[in-house]
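S.K.: Just a sequence and a predicted model for now, questions to come.
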Amino acid sequence: MSVRETQIKLEVKKVQQLYRKMQADQKALQQQLKEFKTQAGNFSDVVEQVLPSVVSVYVMDWDTQEEISSGSGFFVSPDIIVTNYHVVEDIADEDYFYEEDEVEEVLVETHDGKLRLAEVVFTGNAEEDLALLLISDLTFNPETGEQVASPREYPPLELSFDVKVGDRVIAVGNPLGQFASTVTQGIISAIREPEEYEEGEEDDEVAEVKVLQTDAAINPGNSGGPLINMAGQVVGVNTWGWEDADNINLAIASEALDDFLAGFEETFEEDSQN
């Protein structure tokens, strides 16, 4: 058995343990969706539309097989997932494009219960709080540990830049993870535009990116997941863990995510030409 096969076997063993813990959480989510149908009308339909594109992200210490951190993410293309930088900060440097020989791997569990490895390929800084994961073709059935055929491509979510104070939104995240039942609804209560620095002025408390403030609860479970409008479009990326976000629910605006994705494409093209 090769070193990589041995590592995979160990990875799957740990994920099997995680998966067993997730079963009760999945039932809790389904119960929550039923309650949404009763209490919030078509909110539940929007959530069910988005869930296939949302994943659970687990950052592991592969030497000890211990979980370091977890959060959510969602597909922005058939093979690229966005999550918060703070979810992967223990294994990934800030503002970095990862070369093939130095990529860190995380575990991703998709909504259909499949386990896949993903590579951390692009990161922002603590203020941007965004990171991109490249999904691998390596797919396992977490119940058996057996490698299975790669599933269909997961639909990427559409971004929307049309958002205003008072809009109804839903924070979705980690549908199969240990922080399940993290589908919350609310409204946009404020929009914080990035401040323009005066020449020579530095202010660590000024956000570098546009953020949305909402009364929809955002917690470790839906951190990295999408904040969606009533059309199922992403208006922001849920973030939890900012010093500025103490008792305030914030999401990175889709405009900032769009700029981040453009930065990744530009970096990728430059790297390909070298």
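M.R.: Good, I have the coordinates. Numbering: from 1, shown residues only.
S.K.: quick one: terminal-to-terminal distance for stretch 231-250?
M.R.: 20 Å (Cα to Cα, to the nearest Å).
S.K.: again with stretch 154-172
M.R.: Its start and end residues considered, stretch 154-172 measures 16 Å (Cα to Cα).
S.K.: what are the ranges of the strands in the stretch 151-274 of the chain?
M.R.: 168-171, 184-192, 211-214, 226-228, 234-239, 249-253 (DSSP state E, counting those that start in this stretch).
S.K.: counting contacts, what elements does the shortest one pack onto?
M.R.: With contacts defined as 3 or more Cβ pairs under 8 Å, 6 or more residues apart in numbering; DSSP states H and E, the secondary structure elements packing on strand 226-228 are helix 43-50, strand 168-171, strand 234-239. The C-beta positions use only the backbone N, C-alpha and C, and glycine is treated the same way.
S.K.: For that strand, give the mean pLDDT please.
M.R.: Regarding strand 226-228, the rounded mean pLDDT is 96.
S.K.: didn't residue 192 look like it was pressed against residue 211?
M.R.: Yes: counting by Cβ atoms under 8 Å, residue 192 does reach residue 211; the two are 4.7 Å apart.
S.K.: The two: which is more packed in?
M.R.: residue 211 (26 against 15; other Cβ atoms under 10 Å).
S.K.: Can you name the residues bridging to that one?
M.R.: Beta-bridge partners of residue 211, counted by DSSP bridges, are residue 192, residue 252.
S.K.: Check it and give its pLDDT.
M.R.: Residue 211 is given a pLDDT of 92.
S.K.: so who does it touch?
M.R.: 191-192, 236, 239, 250-253, 256 (Cβ atoms under 8 Å, 6 or more residues apart in numbering).
S.K.: which two from those end up farthest apart in space?
M.R.: Farthest pair in the contacts of residue 211 (Cβ to Cβ) is 191 and 239. Separation: 14.7 Å.
S.K.: Between these two, which is the more surrounded one?
M.R.: Taking other Cβ under 10 Å, residue 191 and residue 239 do not tie; residue 239 has more neighbours (29 against 15).
S.K.: Who is that one paired with across the strands?
M.R.: According to DSSP bridges, the partner residues bridging residue 239 are residue 250.
S.K.: I figured residue 88 was touching residue 108, is that so?
M.R.: No: with contact defined as Cβ under 8 Å, residue 88 does not reach residue 108; the gap is 11.5 Å.
S.K.: any idea how far residue 53 is from residue 234?
M.R.: Distance, residue 53 to residue 234, by Cβ to Cβ, to the nearest Å: 9 Å.
S.K.: how about the longest strand along the chain as PDB, C-alpha atoms only?
M.R.: Counting by DSSP state E, the longest strand found in the chain is strand 66-77. Extracted in PDB, the C-alpha atoms of strand 66-77 (Å, rounded to 0.1, in the frame of the first residue of the first chain):
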ATOM      1  CA  GLU A  66      -7.800  15.600  14.900                       C
ATOM      2  CA  GLU A  67     -10.200  18.200  13.600                       C
ATOM      3  CA  ILE A  68      -8.700  21.700  13.800                       C
ATOM      4  CA  SER A  69     -11.700  23.700  12.600                       C
ATOM      5  CA  SER A  70     -14.800  23.500  10.500                       C
ATOM      6  CA  GLY A  71     -17.200  25.700   8.700                       C
ATOM      7  CA  SER A  72     -19.100  26.000   5.500                       C
ATOM      8  CA  GLY A  73     -18.600  26.800   1.800                       C
ATOM      9  CA  PHE A  74     -20.400  26.900  -1.500                       C
ATOM     10  CA  PHE A  75     -19.600  26.300  -5.100                       C
ATOM     11  CA  VAL A  76     -18.900  29.400  -7.200                       C
ATOM     12  CA  SER A  77     -17.900  27.200 -10.200                       C
END
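S.K.: Sort out which residues of it are buried, please.
M.R.: 67, 69-76 (16 or more other Cβ atoms under 10 Å).
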